[in-house]
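K.L.:
fold the following and give me the result.
(one chain, ligands or ions: 1)
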Amino acid sequence: MKKYNYNKSHRRNSTPWDKEETLSCTQKLIKHNYNKEYDDAHTSLKTSGEAEFLNEMKVTKCHWCFSNDIIKNGKYKTGIIRYHCKECGRNFNIFTNTLLDHHKLNAYEEIKNMLDIFFGISFRSTSKIQRNSPTTTKYWFKKIAIASKSYLDSVVLKGKVYLDTTFVTVEKSQLITNSNKKLRGLSRNQICVLVATDLKHILAFELGLGKPSGEKIAAIMDERIEPHSILFCDEDNSFNQLSQEQKLKVFSYNSKYLKTLDDNSNPIQPVNDAILLISDFLGNHKGFKRDELQDYLNVVCINNIKENNKLDTANMLLEYILNNSFECEKTLKYRKYYEKVKK
Ligand SMILES: [Zn+2]
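P.N.:
Coordinates of the predicted model:
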């Protein structure tokens, strides 16, 4: 496969005429706008004017020890309010120990990355559009995935719940073949994904290779469906244990019968739609590392909360990161993340 050839020394706001003394008027025109576009997209927090908005956010707890005994203590060069904790004696700001810790660029840049990801644009294209390095885009995706997971962890489906499984083929290099033919059916080449939706939220979980046991399904959905909800599913699947444990009323259908129905009359169509959203999203990131499958699933789920516009979702996630992130897995340090990925 052709590797993305990103030249590290290449500055993403450079033009071929940077060292030239005399530029033609058209070269000047292009250079002026090309640089301006870059500068607008990559303003520092200091010059972006965002501090004003960020300073309006209520900070009630120390980002180090969670004590409420905090006071304002001037501002940083970026214009962001500095807080001081009387309990632990440390200073902090709104980003400290969140996923945006050590953030020097404008926060809106991250929102743009988020939106690109939500719109299903590949990392490679996002990097090109935003003139970021591909590693920056990927790193930000990981942050979104962490925040999404943390948010989704508290989601409990209720009312009518639709459930099914789908499969994702392992990476090409991992395919087990039988004398050069692909294994068929629910082979060891297929990663099972459990998908559930109550029309407001979608939850999706990677269950490992091959057909999952009922026990595994019940364990992963433990406390994720409100008791006495109504479950709509395919009778071939191993959902019995789940429905019994969570006291669900079940409507299960023969899969052959379901196949004869069109989408409008299919009683488990909502979960089919959710599966389609997942496969579309994964299709936009072909060749993704399968050990990061759950990250991708979390991002699809957060991106498809019903009635949320993409901007609503980006706003919700930004607010969530700024308010709760110190509870959600601390900071993801850039270098640390890449040490892990390179292995
Ligand atoms: Zn403190």
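K.L.:
what is the burial count for F232?
P.N.:
21 (other Cβ atoms under 10 Å). Where you see a C-beta, it was placed from the backbone N, CA and C, and this is true even at glycine.
K.L.:
look up how far N303 lies from D312.
P.N.:
As judged by Cβ to Cβ, to the nearest Å, D312 and N303 stand 11 Å apart.
K.L.:
compare neighbour counts for the two and give me the winner.
P.N.:
More neighbours surround N303 than the other of D312 and N303, with 22 against 11 (other Cβ under 10 Å).
K.L.:
excluding its backbone neighbours, what's nearest that one?
P.N.:
Closest residue to N303 apart from its sequence neighbours, by Cβ to Cβ, 6 or more residues apart in numbering: F118 at 4.7 Å.
K.L.:
could you pull out the helices for the stretch 51-200 of the chain?
P.N.:
Assigned by DSSP state H, counting those that start in this stretch, the stretch 51-200 of the chain shows helices spanning 108-118, 123-130, 134-152.
K.L.:
for T43, find the nearest of these.
P.N.:
Checking the helices of the stretch 51-200 of the chain against T43 by Cβ to Cβ gives helix 108-118 as the closest, at 8.2 Å.
K.L.:
check contacts around S122.
P.N.:
Going by Cβ atoms under 8 Å, 6 or more residues apart in numbering, S122 touches N284, H285.
K.L.:
and the gap between it and Y151?
P.N.:
Taking Cβ to Cβ, one finds S122 at 24 Å from Y151.
K.L.:
now swap in I278 and tell me
P.N.:
17 Å.
K.L.:
and what of K75?
P.N.:
From K75 to Y151 the distance is 30 Å (Cβ to Cβ).
K.L.:
quick one: which of these two has more around it?
P.N.:
Y151 (19 against 13).
K.L.:
just give the number of residues close to S14.
P.N.:
14.
K.L.:
I'd assumed it was in a helix, is it?
P.N.:
No: under DSSP: H, G, I helix; E, B strand; the rest coil, S14 sits outside any helix and is assigned coil.
K.L.:
which ones are touching it?
P.N.:
By Cβ under 8 Å, 6+ apart, S14 lies in contact with nothing.
K.L.:
contacting residues around K36?
P.N.:
By Cβ under 8 Å, 6+ apart, K36 has no neighbours at all.
K.L.:
output the below-cut-off pLDDT ranges for the stretch 1-150 of the chain.
P.N.:
For the stretch 1-150 of the chain, applying pLDDT under 70 flags the ranges 1-11, 103.
K.L.:
how does it look with 80?
P.N.:
1-13, 40-44, 102-106 (pLDDT under 80).
K.L.:
can you check the stretch 201-343 of the chain too?
P.N.:
Ranges of the stretch 201-343 of the chain meeting pLDDT under 80: 236-238, 324-343.
K.L.:
the same query, at a cut-off of 50, please.
P.N.:
328-330, 343 (pLDDT under 50).
K.L.:
for the protein, which strand is longest?
P.N.:
strand 160-169 (DSSP state E).
K.L.:
who are the neighbours of it, in terms of helices and strands?
P.N.:
The helices and strands touching strand 160-169, judged by 3 or more Cβ pairs under 8 Å, 6 or more residues apart in numbering; DSSP states H and E, are strand 190-197, strand 230-234, helix 269-284.
K.L.:
between those, which gets nearest to L23?
P.N.:
Short answer: helix 269-284, nearest of the helices and strands packed on strand 160-169 by Cβ to Cβ, at 38.9 Å.
K.L.:
contact residues of the chain facing the ion?
P.N.:
C62, W64, C65, S67, C85, E87, C88 (Cβ under 5 Å from the ion).
K.L.:
quick one: residues contacting the residue lying closest to the last one once chain neighbours are set aside.
P.N.:
On the basis of Cβ to Cβ, 6+ apart, the spatially nearest residue to C88 that is not a chain neighbour turns out to be C65, at 4.2 Å. Residues near C65 by Cβ under 8 Å, 6+ apart: C85, E87, C88, R90.
K.L.:
which of the residues you listed count as buried?
P.N.:
C85 (16 or more other Cβ atoms under 10 Å).
K.L.:
isn't F167 right up against S187?
P.N.:
No: at 9.3 Å, F167 does not count as touching S187 under the criterion of Cβ atoms under 8 Å.
K.L.:
now name the helix or strand holding A314.
P.N.:
helix 310-324 (DSSP states H and E).
K.L.:
may I see the buried residues of that helix?
P.N.:
For helix 310-324, burial by neighbour count (16+ other Cβ under 10 Å) applies to T313, A314, L317, L318, Y320, I321, L322, N323.
K.L.:
pretty sure the fourth one contacts K112?
P.N.:
No: if you go by Cβ under 8 Å, L318 and K112 don't touch, sitting 11.6 Å apart.
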